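1. what follows is a predicted protein model with its sequence.
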Amino acid sequence: MTDLDNFIAGLPKAELHLHIEGSLEPELMFALAERNGVAIPFASVEDVRAAYDFSNLQDFLDIYYAGANVLLTRADFHDLAMAYFQRAAADGVVHAELMFDPQTHTDRGVPFEEVIEGLLSAMAVAEAEYGITSALILSFLRHLSEEAAFATLAMAGPWLDRIAAVGLDSSEVGHPPSKFARVFAAARQKGLKITAHAGEEGPPEYVYEALDLLHVERIDHGNRALENPALIERLASEGMTLTVCPLSNLKLCVVSDLTDHPVDKMLALGLKATINSDDPAYFGGYVADNYRAVAKARGLSRNDLVQLARNSFTGSFLPPEAILANIEKLDAYAAG
Ligand code: ADE
Ligand code: ZN
């Protein structure tokens, strides 16, 4: 490990864009398949990894939803989240905001309660064992209907005080934020915070819709906002957080090479970029791997890395006092 690798591992950071189902490593997929008697279309762990060769978002989503079939009980969701928190702790994560896709599970007959209680119990252990605070983001699948999203929001009713925000993920093109304007308005009325994937594969117009129709407090990805100077100006002046995912962008061909990754351009434009892993088991690295890969490819300075970590706290859904406490930790670390 170089000095920079060590600096990144120790850098206190928040992870704001992490799909917990996307942290399902092939080894755990096999273990859960066996535990639950679920058949999977792979002969070995190597076979699974070999299938992770994607040309676009949909290629990945097809495999990601198939992998999630092994998750059935609250113990499975607990084990899945604990495996993530263990990696996060080693990566200097002190706060994580976990997206979960209830519809991927409830549509297979897994009760919402099993999913969320398994995640919540792991979150409690993570705080006690690793000192990692965490929050949940309930994400609606955008390839499904708004009516289905409303049904999911209703299912979440008894747990609303344990859910920080709602999000929007899955196949972006053809499923604009406008399709979900009413369900996001209902979620806002319930006091939930709002985020949405926009501008990963979809055009800048989808980012405008996320801002104007969903009233997002963060944009997940946002890469294609860079195509529109007026949008850049607006995102910068509003201090909108972008949850950028470099290794995801590489694996899903959003960028053709990490040396072309725009994260430092975003910072230079005054955009509040953060670094995240998205679906680490599928994209070849956890959050510190993402910092390292993009730092090397783009020659980021320690100041850039500290700025990205600072943005991860100020862009989080933590209360102001917790943000301040984390920033103090970060400043003390950066001062050496
Ligand atoms: N679901 C899991 N990862 C995703 C991504 N990067 N984009 C859209 N939906 C997702
Ligand atoms: Zn994502």
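-> Sure thing, it's come through. None of the values given here were measured: they were computed from a predicted structure. Ligands and ions are numbered 1, 2, ... in the order given.

2. and the residue in the chain that ligand 1 sits nearest to, what pLDDT?
-> When scored by Cβ to the nearest ligand atom, the chain has D169 as its residue closest to ligand 1, at 3.5 Å. For the C-beta atoms, the positions are set from N, CA and C on the backbone; glycine is no exception. As predicted, D169 sits at a pLDDT of 98.

3. so it is in contact with L144, correct?
-> No. The criterion here is Cβ atoms under 8 Å, and D169 misses it with L144 at 11.1 Å.

4. neighbour count for those two, which is higher?
-> Using other Cβ atoms under 10 Å as the criterion, D169 and L144 rank with D169 on top: 25 against 17.

5. give me phi/psi at that one?
-> Main-chain torsions, D169, degrees, to the nearest 10: phi -140, psi -170.

6. what sits against it?
-> When contacts are counted by Cβ atoms under 8 Å, 6 or more residues apart in numbering, D169 touches H19, M99, D101, S139, F140, L141, R142, H197, D220.

7. pull the residues that contact stretch 65-80.
-> Contacts with stretch 65-80, where a contact means Cβ under 8 Å, 6+ apart, come from 20-21, 23-24, 28-29, 32-33, 35-36, 38, 40-41, 48, 101, 104-105, 108, 110, 113-119, 121-122.

8. selecting buried members of the contacts of D169 in ChimeraX, what would you type?
-> Remark: buried members of the contacts of D169, expressed as a ChimeraX selection using 16 or more other Cβ atoms under 10 Å:
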select :19,99,101,139,140,141,142,197,220
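
9. redo the contacts of D169 as CSV? Include distance to ligand 1 and secondary structure.
-> Output for the contacts of D169, formatted as CSV (distance: Cβ to the nearest ligand atom, whole Å; DSSP: H, G, I helix; E, B strand; the rest coil):
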residue, distance to ligand 1, secondary structure
H19, 4, strand
M99, 8, strand
D101, 7, coil
S139, 7, strand
F140, 11, strand
L141, 8, strand
R142, 8, coil
H197, 5, strand
D220, 7, strand
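
10. with pLDDT and distance to N311 added, can I get the contacts of D169 in a markdown table?
-> Formatted as a markdown table, the contacts of D169 follow (pLDDT from 0 to 100; distance: Cβ to Cβ, whole Å):
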| residue | pLDDT | distance to N311 |
| --- | --- | --- |
| H19 | 99 | 20 |
| M99 | 99 | 18 |
| D101 | 98 | 25 |
| S139 | 99 | 21 |
| F140 | 99 | 25 |
| L141 | 98 | 28 |
| R142 | 98 | 25 |
| H197 | 99 | 18 |
| D220 | 99 | 14 |
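
11. up against ligand 1, what does the stretch 1-150 of the chain have?
-> Taking Cβ under 6 Å from any ligand atom as the contact definition, the stretch 1-150 of the chain meets ligand 1 at H19, G22, L57, Y64.

12. list the contacts of stretch 200-219.
-> 16, 56-57, 165, 168, 172-173, 176-178, 180-181, 184, 188, 193-196, 198-199, 220-225, 227-228, 231, 234-235, 238, 240-243, 252, 254, 315, 317.

13. next up, the contacts around S139.
-> When contacts are counted by Cβ under 8 Å, 6+ apart, S139 touches H19, M99, F100, D101, V166, G167, L168, D169.

14. likewise for N276?
-> N276 makes contact with E15, L16, H17, L18, T243, V244, C245, V287, N290, according to Cβ under 8 Å, 6+ apart.

15. all strands for the stretch 101-250 of the chain, in order.
-> Taking DSSP state E, counting those that start in this stretch to define them, one finds strands in the stretch 101-250 of the chain at 133-141, 165-169, 193-198, 218-221, 241-244.

16. any idea which of the ones you listed gets closest to M1?
-> Comparison of the strands of the stretch 101-250 of the chain against M1 by Cβ to Cβ identifies strand 241-244 as nearest, at 23.7 Å.

17. so which bits of the stretch 151-300 of the chain are right by ligand 1?
-> By Cβ under 6 Å from any ligand atom, the part of the stretch 151-300 of the chain that sits against ligand 1 consists of D169, S170, H197, E200, S248, D278, D279.

18. the first one bridge partners, please.
-> It refers to D169. Bridge pairing for D169 (DSSP bridges) gives the partners L141.

19. next: the third one.
-> Residues found in beta-bridge contact with H197 (criterion: DSSP bridges) are D220.

20. unless I'm mixing things up, it is touching N223, no?
-> No. Here H197 lies out of contact with N223, judged by Cβ under 8 Å, at a distance of 10.7 Å.

21. neighbour-wise, which of the residues of the stretch 1-150 of the chain next to ligand 1 leads?
-> Top of these by neighbour number is H19, holding 26 neighbours under the definition other Cβ under 10 Å.
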